[in-house]
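> All I have is the shape, not the residue letters:
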DNA sequence: TCTATTGTTCAATATGATTGAACTATTGAA
DNA sequence: TTCAATAGTTCAATCATATTGAACAATAGA
């Protein structure tokens, strides 16, 4: 059984968030999750089909450990939810600003 | 003679900025430069006196290449200026948001 | 039960960070 | 002008992190 580790809201840090969002792949994943109302399987969230499964898994782990994403196992796939309220509560305006600028 | 390489405003990228700001040392440097009206020598900007000179030099190179800082040689020391207007012009609100949240 | 699907973990390699040592360039004083 | 002090850069070595293929685990459905 795989257990997912999520930081509590208080343990979310600004460097952790920025570092997680600084990767183009992960930024696309997060953007995609906002579009899909914050819930997505790992495969659906993949911004690039050529990316190795293990790399994708690694990126989701970074997003989890940064506190951006909550992962739950649902059947055969993972259900990933953006921790929007918690992140906004701790760092107001950050996600909104970054995601707005992420278009180009 | 040492020549400093700075990206043009158009070449500043969001991942580059986020990645540069994701490091606690560099975030402190940038914060310090805002407090000092955007101009500072490398030594003065050091957030930690125990840090090796070469590490500090490396951090300033990252900040330069991200487009956050402009470095000019002035006598024996370097004059580092925050490229506030250019960064704000290209990614409006980003610096303000990040720096406001950087306090804690 | 057998197979396909979804994702994790592991080991190996490649890429980036950190530091001490050596070097360059400027300033100021003898 | 020569010498030492100051401020940073560059280089090479070491250490940490990212990336990927291969093997594995767990669930769903035939």
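Thanks, I have it. Just so it is clear, the structure is predicted and the values come from calculations on it, not from any experiment.

> For residue A:67, give me its contacts.
A:6, A:7, A:9, A:11, A:12, A:16, A:17, A:83, A:86, A:87 (CB atoms under 8 Å, 6 or more residues apart in numbering or on different chains). Heads up, the C-betas are built off the backbone N, CA and C, glycines and all.

> Look up the pLDDT of it for me, please.
On pLDDT, residue A:67 comes in at 96.

> Quick check on it: phi, psi?
phi 90, psi 10 (degrees, to the nearest 10).

> quick one: it and DNA strand C, what's the gap?
Residue A:67 is 16 Å from DNA strand C, where distance means CB to the nearest atom of the strand, to the nearest Å.

> Chain neighbours aside, what residue packs nearest to the residue in chain A that DNA strand C sits nearest to?
Here chain A gets closest to DNA strand C at one residue, residue A:57, 2.7 Å apart by CB to the nearest atom of the strand. In space, and not counting its chain neighbours, residue A:57 is closest to residue A:42: 7.0 Å by CB to CB, 6 or more residues apart in numbering or on different chains.

> Check what pLDDT residue A:14 gets.
96.

> Let's see the distance spanning stretch A:86-96 from one end to the other.
For stretch A:86-96, the separation between the terminal residues is 13 Å (CA to CA, to the nearest Å).

> Need the mean per-residue confidence for that stretch.
97.

> picking that back up, so which of the contacts of residue A:67 wins on neighbours?
residue A:17 (24 neighbours; other CB atoms under 10 Å in any protein chain shown).

> Any idea what residue A:74 is bridged to?
Beta-bridge pairing for residue A:74 (DSSP bridges): residue A:77.

> separation between it and residue B:48?
Going from residue A:74 to residue B:48 by CB to CB, to the nearest Å gives 45 Å.

> ok, now residue A:91?
24 Å.

> in terms of contact, does residue A:78 touch residue A:40 like I think?
No: counting by CB atoms under 8 Å, residue A:78 does not reach residue A:40; the two are 9.0 Å apart.

> give me the element residue A:79 is part of.
With elements taken from DSSP states H and E, the one containing residue A:79 is strand A:77-82.

> brain fart, residue A:72
Assigned by DSSP H and E, residue A:72 falls in strand A:69-74.

> Now do the helix ranked longest in chain A: which elements does it pack against?
Counting by DSSP state H, the longest helix found in chain A is helix A:53-66. For helix A:53-66, the elements it packs on are helix A:14-21, helix A:24-35, helix A:42-45, strand A:69-74, strand A:77-82, judged by 3 or more CB pairs under 8 Å, 6 or more residues apart in numbering or on different chains; DSSP states H and E.

> ok so, going back, among the contacts of residue A:67, name the ones in helices.
Members of the contacts of residue A:67 lying in helices (criterion: DSSP H): A:16, A:17, A:86, A:87.
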